[in-house]
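# A structural model of the following input is requested.
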Amino acid sequence: MSDPKKINERVCPACGARESVHFADERLDNTRVTDYTYASRKQPEFMCHRLVRCTSCNLIYAPAPPDLSFLTSAYAEAAYDSAEEARCAAESYANALAPYVSELTSRTAAIDIGAGNGYLLSWFLRWGFGKAIGVEPSKAAIDAAPEEIRPLLREGMFSAEIVADVRPSLVCSFMTLEHVSEPGQLMRTVYELLEPGGLVAVVVHNWRGLLNRALGMRSPIIDIEHLQLFSPESVSTLLREAGFDHIRVQTITNTYPLRYWLRLTPMHDKLKNRVENVLKRFGAAEVRIPLNVGNLLAVGQKAIGSSK
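Predicted structure coming up:
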């Protein structure tokens with residue numbers, strides 16, 4: 001993987017404010033970069049770009065992230081080994097999202113941005129959406145999709161053009177906004193795509209969550225992939241600035257196998273391996289454990305009377 005070309009210093013990508021304060025120095029080690037560095041649900045490397053905190057909306061962000069061409073290539077070429085974890089994540093997200101879906105009077109189509117192997121699309125179909133579409137840049141993730149889901153996935157970075165044939169009632173972006181250099185532009189694009197009364201639903205890490213604050217720079221959300229980290233205030237600001245109203249933010253519980261939770265801990269890799277072997281020996285590695293680790297679900301609505 002080539003070294004990234006970085007874009008010029010950017011303003012806060014959630015609210016547009018220019019004022020910020022230092023949060024973390026750059027922590028990069030090229031010897032630790034692998035095919036999984038830009039993969040979903042990987043082993044944490046605890047590397048990061050230089051980070052600042054917006055003094056207006058409290059977003060943590062990299063003021064000089066890699067440019068779009070580097071990110072497009074990195075995610076397209078990323079390896080993939082987390083199909084079971086993706087299934088668990090889709091179930092957790094679907095459980096949290098279901099009450100909001102019940103509010104929709106129209107279910108023309110639903111789009112999942114950063115769909116991975118597309119497990120969430122089966123929930124869209126179960127809920128009665130006329131079309132279910134996933135947009136995913138990683139070919140390896142698409143290749144790992146169930147055979148019946150694979151035709152519903154479109155390979156590439158999300159843009160208006162890649163879903164130009166769809167007028168969705170629901171657009172989801174779960175654990176994706178941290179990975180794009182212009183989350184505000186992405187949300188504005190979603191707003192314009194949605195039909196009036198449609199919903200956007202995003203899941204993001206909450207850097208102000210108790211566990212993440214306790215772990216500090218040893219939290220798994222401190223990651224080279226993450227170009228911004230949200231809080232309830234900053235994710236609300238992002239959606240409001242894009243035009244959405246009736247914004248609601250809540251914490252959600254994720255359920256994963258115990259071995260995956262172990263992967264996220266800041267323990268040394270050798271110790272992790274020993275603990276995982278013990279878990280496997282006693283048949284506990286695949287036991288699913290629900291935990292609230294501070295992740296946020298935010299839902300916004302496009303006004304019913306919107307003319308856009």
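
# List the contacts of residue 139.
By CB atoms under 8 Å, 6 or more residues apart in numbering, residue 139 lies in contact with 76, 155. Where you see a C-beta, it was placed from the backbone N, CA and C, and this is true even at glycine.

# if I look at it, how far off is residue 26?
Using CB to CB, to the nearest Å, one gets 29 Å for the distance from residue 139 to residue 26.

# Same question for residue 250.
33 Å.

# repeat for residue 140
For residue 140, the distance to residue 26 - CB to CB - is 28 Å.

# Show me which of those two is the more surrounded one.
Set residue 140 next to residue 26 and count neighbours by other CB atoms under 10 Å: residue 140 wins out with 17 against 12.

# So the more buried one is in contact with residue 79, correct?
Yes - judged on CB atoms under 8 Å, residue 140 makes contact with residue 79 at a distance of 5.7 Å.

# Next, show the common contact partners of those two.
Residues touching both residue 140 and residue 79 (CB under 8 Å, 6+ apart): there are none.

# for the most centrally placed residue in the chain, what are its contacts?
Nearest to the mean C-alpha position of the chain, by CA atoms, centre = their mean, lies residue 175 at 1.2 Å. Counting by CB under 8 Å, 6+ apart, residue 175 touches 40, 89, 114, 203, 204, 205, 295.

# taking those residues one by one, which sit in helices?
Using DSSP state H, the members of those that fall in helices are residue 89.

# among the contacts of residue 175, which are in strands?
Secondary structure from DSSP state E places 203, 204 of the contacts of residue 175 in strands.

# for the contacts of residue 175, which one is nearest residue 162?
The closest of those to residue 162 turns out to be residue 114 (CB to CB; 12.4 Å).

# what's the burial count for the closest residue to that closest one other than its chain neighbours?
Counting by CB to CB, 6 or more residues apart in numbering, residue 114 lies nearest to residue 176, which is 3.5 Å off, once chain neighbours are set aside. Residues near residue 176, counting by other CB under 10 Å, number 22.

# measure residue 176 to residue 12 for me?
Taking CB to CB, one finds residue 176 at 19 Å from residue 12.

# Could you do residue 85 as well?
31 Å.

# Can you pick out the residue with more neighbours from the two?
Under the criterion of other CB under 10 Å, the comparison of residue 85 against residue 12 puts residue 12 first, with 26 against 18.

# you'd agree that one is up against residue 58?
No - in this structure residue 12 lies outside contact range of residue 58 using CB under 8 Å: 9.6 Å.

# mind listing what's buried in the helix or strand of the chain with the lowest mean pLDDT?
Lowest on mean pLDDT, DSSP states H and E among the helices and strands of the chain sits helix 68-76, with a mean of 88. Residues of helix 68-76 classed as buried: 70, 71, 73, 74, 75, 76 (neighbour count, 16 or more other CB atoms under 10 Å).

# what's the answer for stretch 214-227, then?
215, 219, 220, 221, 222, 223, 224, 225, 226, 227.

# sorry, back to before: columns distance to residue 51 on top of the buried residues of helix 68-76, output as a markdown table?
Listed next are these as a markdown table, based on distance: CB to CB, whole Å:
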| residue | distance to residue 51 |
| --- | --- |
| 70 | 18 |
| 71 | 17 |
| 73 | 23 |
| 74 | 19 |
| 75 | 20 |
| 76 | 25 |
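
# Among those, which one sits closest to residue 20?
residue 71 (21.6 Å).

# all strands for the stretch 201-308 of the chain, in order.
228-229, 245-251, 254-257, 288-291, 296-301 (DSSP state E, counting those that start in this stretch).

# what about the last one, average pLDDT?
In this case it means strand 296-301. On average, the pLDDT along strand 296-301 is 98.

# same question, the first one
Averaging pLDDT along strand 228-229 yields 97.

# Adjacent strands (with direction) for that strand?
Strand 228-229 has the following strand partners under DSSP bridges: strand 60-61 (antiparallel).
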